[in-house]
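**Q** below are the sequence and a predicted model; questions follow.
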Amino acid sequence: MLLAGGTLAATGVALAMATTASTLLLLAIGVLYYLLTQVLGFSMELDPASLTPWFTSSQRAASAPN
């Protein structure tokens, strides 16, 4: 019973640490984005259409030629 309790406690601590680490990572990314865009004045434009050829090219390669 003690082993099961210790295992659950360790799993809970590990889950809390992982949640805290991912939250801090997202916060750090947000701070960097704010500093780059608002303080330093960089403009970032992401065009989602530029990513689609990577996804569609592998699907087109599997088809037989006409």
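**A** Arrived safely. Residues are numbered from 1 along each chain as shown.
**Q** poorly predicted segments of the chain, please.
**A** Scanning the chain for pLDDT under 70 picks out the ranges 51, 54-66.
**Q** can you list the residue ranges for helices in it?
**A** In the chain, the helices defined using DSSP state H lie at 2-34, 52-61.
**Q** tabulate those (TSV), appending mean neighbour count.
**A** All C-beta spots, glycine's among them, are computed from the backbone N, C-alpha and C. Formatted as TSV, those follow (neighbours: other CB atoms under 10 Å):
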stretch	mean neighbour count
helix 2-34	10
helix 52-61	9
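**Q** quick one: T37 and V31 touch, right?
**A** No: taking contacts as CB atoms under 8 Å, T37 lies outside contact range of V31: 11.2 Å.
**Q** distance check, the residue nearest the centre of the chain against M1.
**A** Nearest to the mean C-alpha position of the chain, by CA atoms, centre = their mean, lies L26 at 8.4 Å. Distance of L26 to M1, given as CB to CB, to the nearest Å: 38 Å.
**Q** next: A10.
**A** 15 Å.
**Q** now do L46
**A** L46 is 53 Å from M1, where distance means CB to CB.
**Q** over to Y34?
**A** 49 Å.
**Q** same thing with T20?
**A** 29 Å.
**Q** also L25?
**A** L25 sits 36 Å away from M1, going by CB to CB.
**Q** and what of T11?
**A** In terms of CB to CB, T11 sits 16 Å off from M1.
**Q** also A49?
**A** From A49 to M1 the distance is 58 Å (CB to CB).
**Q** next: G41.
**A** 61 Å.
**Q** can you check P48 too?
**A** Applying CB to CB to P48 and M1 gives a distance of 53 Å.
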